[in-house]
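S.K.: how would this look folded up:
(2 chains)
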Amino acid sequence: MEFSHDLLARAHYWMRFTRAFDDRIIALFKQGKLVGGLFSQLGHEAISVGAALALGPDDVIAPMHRDIGAYFVRGMTPARMMSQYFGRATGPSGGRDVNLHGCGDLSLGIVGFVSHIPQSTPVAVGVAHAFKLKHEPRVALDFFGDGGSSEGLIHESFNWASVYQVPAVFIVENNQYAYSTPTNKQMHIADIADRAAGYGMPGIVVDGNDFFAVHEATREAVERARNGGGPALIECKTMRIRGHAIHDNMSYVPKELLAEWEPRDPITRFENRLREMDLLDDAKQKELMARIERELDEAQAFAGNAPLPDPAQLTRGLYAD
Amino acid sequence: MTWDSIIQREIKTEIPHSVRNDNKGRNDNAARELTYLEAIRDALQYEMRRDPRVLVMGEDVGVFGGAFKVTQGLFDEFGAERVIDTPMSELCMVGAATGMAFMGMRPVVEMQFADFISTGFDSIVQFAATNHYRWGAPVPWVIRAPGGGGIRGGPFHSQNPEAWFVHSPGLKVVAPATPADARGLLLSAIRDSNPVIYFEYKSLYRSLRGSVPEGEDGVVPIGNANIARAGDDMSIITYGAPLHDALRAAESLAQENYSVEVLDLRSLKPMDTNAILATTRKTAKVLIVHEANLTCGVGAEIAALISQHTFESLDAPITRLAAPDIPPPYAPILEDASRPTYDKILDAAKKLLAY
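M.R.: Below is the predicted model:
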């Protein structure tokens, strides 16, 4: 598969941006500037960015709480996203939903999720079903995790997607832990992708820390779905490097396991490849990081000065007109 | 007809010829008598002809025409792309309907029995109901839920789970009791931009017949109650199948020179509070009747509203008549003992009148 230089540049920017945003949000939380909970993106950047970059402008994603990179790729601006974390009126939920939850915007092809993962999965299937009924060459890309894979709804959704051969691609982000529960207590198989066979759809395992692998697999599955080939499941193996949420010190994860994953960091690996290809040097890297910090400063300033939601509007908008 | 040919077409506000040909003409409201079931089917057919975004899906609704035959004939007219037989997956069905609604369609989902709606609960109350409030995308779908007892269906084919949905922010809930309202409220539900739970009553499907307006005349707005019978001495506030026993009881009491008002709520969320308070102020005595069980039922909300806003007007305790807090039992003698039948309504009304 061909990876254009433009694609690699965008991938580099968005993966670095995702990580820097994550760091910034965590710092703000520790400074007491944010409330609620935070879900780190660390280690998931190649999945969220790599998969989202495989889509066309009219496709739709249904991401979860480790996929902030996918939101950015789809066009959610950092200022809006930062506003969401600050609980401001300018965020996609206007202060009504917390962090990445409820961060939908259909004009960008983003379905907002609820905490009950994988409740977005059948919605993505319905989006894809609509594409099929309308004979539109569009694809729905759905994300969930190893924990979510144990919900019965995954069976219903995979089965439905297969019965109707809808253009949906499922990304399962297997990061080894659902909160404190390791995958060997979550399931009795090694690869979630094996389950795809039970629905007559292809299921493959890829290294979720390898941008090239994630992107290639997703692009193939997306184009296959777009051409009437039906749904597919892609299992991206990765490791959740930080806790389930910011309050979680992850004492239950063996240190050796984390040490094992440390050299596999998706962004470092990607950058090493870029350097091998002579597409990156220290100067370029420095320039990129400076640009991202500047953009984050701007986003933070925007959100910090953005209007708070109006309590007088508390009950408005429950219903659509 | 395929989506290809129709999806881009403007929604017609004019009545299509095909509908005109079937019907004898507009404004002739007495022109046809339909059963409650036929009125529901008529609404589906009318709206599917008018609006290419509308589709029907559910278990056995297509080729088979539905467990109760509500959708009979629709598959032949509209085809497999608009009358979709689904796997036995209510939860996925609701989620898929939400996804379709996001992409501009107007799915009408049939739960085979209202009892099975619990299987789709998360997707209804957590996802669809909260969506517009959280991030502003409307979810215009309808779930048709055949509810109620009287068919000897036992604990899992007789339930009335409306209170769950009235309690969940973001949904609309309707419960038509007549053929005209069954058609008129279904049209409004399909046209509404919000998720609507539409309770229909199995016991009325073929037992109840009534005149049903045609075309646009019969559209019944969501949120408007109907004074099914006017009166001065007391009010019975009800909805759904018990309306008819309430009307019979009111008729019997009229023989004894009591004038009983019967208010049919028709919509449970939003609820017509003005109508509830107006009838209370008028008669000062209120009997609330519903088929669902008592505790935290819709009647509790009505009683609280009345108590808070018309306390000074009351001449008797607000009284509720509902099923006891048990699963709906099977044996006829048990089921009848649990339902708010004509005898029980009459008895409760007499007690209130004598208070």
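
S.K.: who in the stretch 151-300 of chain B is up against chain A?
M.R.: B:169, B:170, B:172, B:193, B:194 (C-beta under 8 Å from any C-beta of the partner chain). In this view, the C-beta of every residue, glycine as well, is placed from N, C-alpha and C.

S.K.: quick one, helices of the stretch 1-150 of chain A?
M.R.: A:5-30, A:45-52, A:68-74, A:78-85, A:120-133 (DSSP state H, counting those that start in this stretch).

S.K.: for the stretch 151-300 of chain B, what spans make up the strands?
M.R.: Secondary structure of the stretch 151-300 of chain B (DSSP state E, counting those that start in this stretch): strands at B:172-174, B:196-201, B:209-211, B:226-229, B:234-238, B:260-264, B:267-269, B:286-293.

S.K.: dump those to JSON lines, plus mean pLDDT.
M.R.: Shown next, in JSON lines, are the strands of the stretch 151-300 of chain B (pLDDT from 0 to 100):
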{"stretch": "strand B:172-174", "mean pLDDT": "98"}
{"stretch": "strand B:196-201", "mean pLDDT": "98"}
{"stretch": "strand B:209-211", "mean pLDDT": "97"}
{"stretch": "strand B:226-229", "mean pLDDT": "98"}
{"stretch": "strand B:234-238", "mean pLDDT": "98"}
{"stretch": "strand B:260-264", "mean pLDDT": "98"}
{"stretch": "strand B:267-269", "mean pLDDT": "98"}
{"stretch": "strand B:286-293", "mean pLDDT": "98"}
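
S.K.: select, out of these, the one closest to residue A:106.
M.R.: strand B:196-201 (20.2 Å; C-beta to C-beta).

S.K.: before we move on, which element is residue B:143 in?
M.R.: Using DSSP states H and E, residue B:143 sits in strand B:142-147.

S.K.: next: residue B:326.
M.R.: Residue B:326 belongs to no helix or strand, assigned by DSSP H and E.

S.K.: and for it, the neighbour number?
M.R.: For residue B:326, the neighbour count with other C-beta atoms under 10 Å in any protein chain shown is 10.

S.K.: quick check, pLDDT for it.
M.R.: Residue B:326 is assigned a pLDDT of 98 by the prediction.

S.K.: is it true that it touches residue B:292?
M.R.: No. Between residue B:326 and residue B:292 there is no contact under C-beta atoms under 8 Å: 11.7 Å.

S.K.: list the contacts for the closest residue to residue B:168 other than its chain neighbours?
M.R.: Distance criterion C-beta to C-beta, 6 or more residues apart in numbering or on different chains; nearest residue to residue B:168, sequence neighbours excluded, is residue B:125 at 4.2 Å. Counting by C-beta atoms under 8 Å, 6 or more residues apart in numbering or on different chains, residue B:125 touches B:164, B:165, B:168, B:171.

S.K.: tally of neighbours for the closest residue to residue B:43 other than its chain neighbours?
M.R.: Nearest non-adjacent residue to residue B:43, counting by C-beta to C-beta, 6+ apart: residue B:186, 3.8 Å away. When counting by other C-beta under 10 Å, one arrives at 29 neighbours for residue B:186.

S.K.: doesn't residue B:40 make contact with residue B:186?
M.R.: Yes. Between residue B:186 and residue B:40 there is a contact at 6.1 Å, judged by C-beta under 8 Å.

S.K.: give me the pLDDT for residue B:135.
M.R.: 97.

S.K.: do the one 5 residues further on as well
M.R.: Residue B:140 is assigned 98 on the pLDDT scale.

S.K.: hmm, it is touching residue B:192, no?
M.R.: Yes. The criterion here is C-beta under 8 Å, and residue B:140 meets it with residue B:192 at 6.5 Å.

S.K.: neighbour-wise, which of these two wins?
M.R.: residue B:140 (25 against 21).

S.K.: what's the spacing between the more buried one and residue B:196?
M.R.: 8 Å (C-beta to C-beta, to the nearest Å).

S.K.: give the contact list for the nearest residue to residue B:138 once chain neighbours are set aside.
M.R.: Leaving aside its sequence neighbours, residue B:138 sits nearest to residue A:320 (C-beta to C-beta, 6+ apart; 3.6 Å). Shown in contact with residue A:320 (C-beta under 8 Å, 6+ apart): B:132, B:138, B:139, B:140, B:193, B:194.

S.K.: okay if I get the residues you listed as TSV plus distance to residue A:212?
M.R.: Formatted as TSV, the contacts of residue A:320 follow (distance: C-beta to C-beta, whole Å):
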residue	distance to residue A:212
B:132	40
B:138	39
B:139	38
B:140	41
B:193	43
B:194	44
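
S.K.: now, the most widely separated pair of those residues?
M.R.: Going by C-beta to C-beta, the pair spanning the contacts of residue A:320 furthest: B:132 and B:140, at 10.0 Å.

S.K.: now do the shared contacts for those two.
M.R.: A:320, B:194.

S.K.: what's opposite residue B:144 in the beta bridge?
M.R.: residue B:110, residue B:198 (DSSP bridges).

S.K.: state the distance from it to residue B:40.
M.R.: Residue B:144 is 7 Å from residue B:40, by C-beta to C-beta.

S.K.: between those two, which contacts overlap?
M.R.: B:70, B:186, B:200.

S.K.: next one: the second one from residue B:144, what distance?
M.R.: Going from residue B:186 to residue B:144 by C-beta to C-beta gives 8 Å.

S.K.: same question, the first one
M.R.: Per C-beta to C-beta, residue B:70 is found 8 Å from residue B:144.

S.K.: before we move on, what about the last one?
M.R.: Counting by C-beta to C-beta, the gap from residue B:200 to residue B:144 is 6 Å.

S.K.: my guess is residue B:286 meets residue B:233, correct?
M.R.: No. Look at residue B:286 against residue B:233 with C-beta under 8 Å: they stay out of range, at 11.5 Å.
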